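>>> The sequence isn't on hand, but the structure is:
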């Protein structure tokens, strides 16, 4: 039996990159003390998220500071990671069509360097005013097994997680900056409509693909957005086996990932039993 200790982080990360880089050593050291092999930090760990989803601005301090994947900020996390596999979110600075653009990007590293990246594909509401959309879901090999990454709204679409499962992902890491409802706000976060959907999508994506899912999220308030927290680990049956609530913390679980996945697929294998001939992939 080869076990993996997975942890999803619920924490607040704002615009101040230097403050974040001073905060991360404590979080990673605490995870290391708990024996964590895979640590999943939230979307927008470095640079923070947007202040407003309806009418975001791409100017001044209203937009996250973009960083280069080969820049010092990523290098700082690589140096902290050591033998731990660490996923975290950044606003990636890149060039496309002859212009500088910003992607909402998840990065996975160990002390040896970058193992994989994912550019958020599904951009809700006004995100497309600030970010360019990614165009693929690809799994990659890590010391904890084959991993696939999604960024918050990506998990709303079953095709995202299914694409990663078809690419051999054993664990899905879903990094989020998922706020409470902006149109129908509840006095208590745990009663919020978005809090229900956040958990529902995590459990559904794990169960339908029979994989582990590690879900992280921002906490606290940024601009007009109040984030849910609710980091969790979901097993291949869709059961939440570790969870934080609205406050910061680590959701930690240990599992023999490959054995659990094989057991879940022993009689009902959702991947092998697909009937692609019956599905519609485009609107008619």
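Done, it's in. As the structure is a prediction and not an experimental result, all values here were calculated from the model. Residues are numbered from 1 along each chain as shown.

>>> I figured residue 66 hits residue 93, correct?
Yes. Assessed by C-beta atoms under 8 Å, residue 66 is found in contact with residue 93 at 3.8 Å. Quick note: C-beta positions are derived from backbone N, CA and C, even for glycine.

>>> So for the two, which sits in the more crowded spot?
residue 66 (21 against 16; other C-beta atoms under 10 Å).

>>> Contact partners for the more buried one?
Residue 66 is in contact with 47, 90, 91, 92, 93, 102, counting by C-beta atoms under 8 Å, 6 or more residues apart in numbering.

>>> Surely the second one is within a strand?
It stands for residue 90. Yes. If the criterion is DSSP: H, G, I helix; E, B strand; the rest coil, then residue 90 is within a strand.

>>> wait, isn't it in contact with residue 109?
No. Assessed by C-beta under 8 Å, residue 90 is found out of contact with residue 109, at 11.1 Å.

>>> Tell me the residues that contact both of the two, please.
residue 74.

>>> between these two, who's got more neighbours?
The residue with more neighbours, out of residue 90 and residue 109, is residue 90; 28 against 23, by other C-beta under 10 Å.

>>> The more buried one and residue 160, how far apart?
19 Å (C-beta to C-beta, to the nearest Å).

>>> Ok, residue 16 next?
Distance, residue 16 to residue 160, by C-beta to C-beta: 31 Å.

>>> Point out where the stretch 51-200 of the chain drops to low pLDDT.
58-61 (pLDDT under 70).

>>> since we're on residue 229, how many residues are nearby?
There are 29 residues near residue 229, going by other C-beta under 10 Å.

>>> Please disregard the earlier target; I meant residue 113.
Quick note: residue 113 (other C-beta under 10 Å) scores 11 neighbours.

>>> I'd like the contacts of residue 66 laid out as CSV, including distance to residue 181.
Formatted as CSV, the contacts of residue 66 follow (distance: C-beta to C-beta, whole Å):
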residue, distance to residue 181
47, 24
90, 26
91, 24
92, 28
93, 31
102, 26
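
>>> Now the common contact residues for residue 66 and residue 93.
Common neighbours of residue 66 and residue 93 (criterion: C-beta under 8 Å, 6+ apart): residue 102.

>>> which residues in the stretch 1-150 of the chain form strands?
Listed in chain order, the strands of the stretch 1-150 of the chain (DSSP state E, counting those that start in this stretch) span 4-11, 38-40, 85-96, 99-110, 113-119, 140-142, 145-151.

>>> and the nearest residue to residue 249 once chain neighbours are set aside, what pLDDT?
Distance criterion C-beta to C-beta, 6 or more residues apart in numbering; nearest residue to residue 249, sequence neighbours excluded, is residue 10 at 5.5 Å. The model reports residue 10 with a pLDDT of 98.
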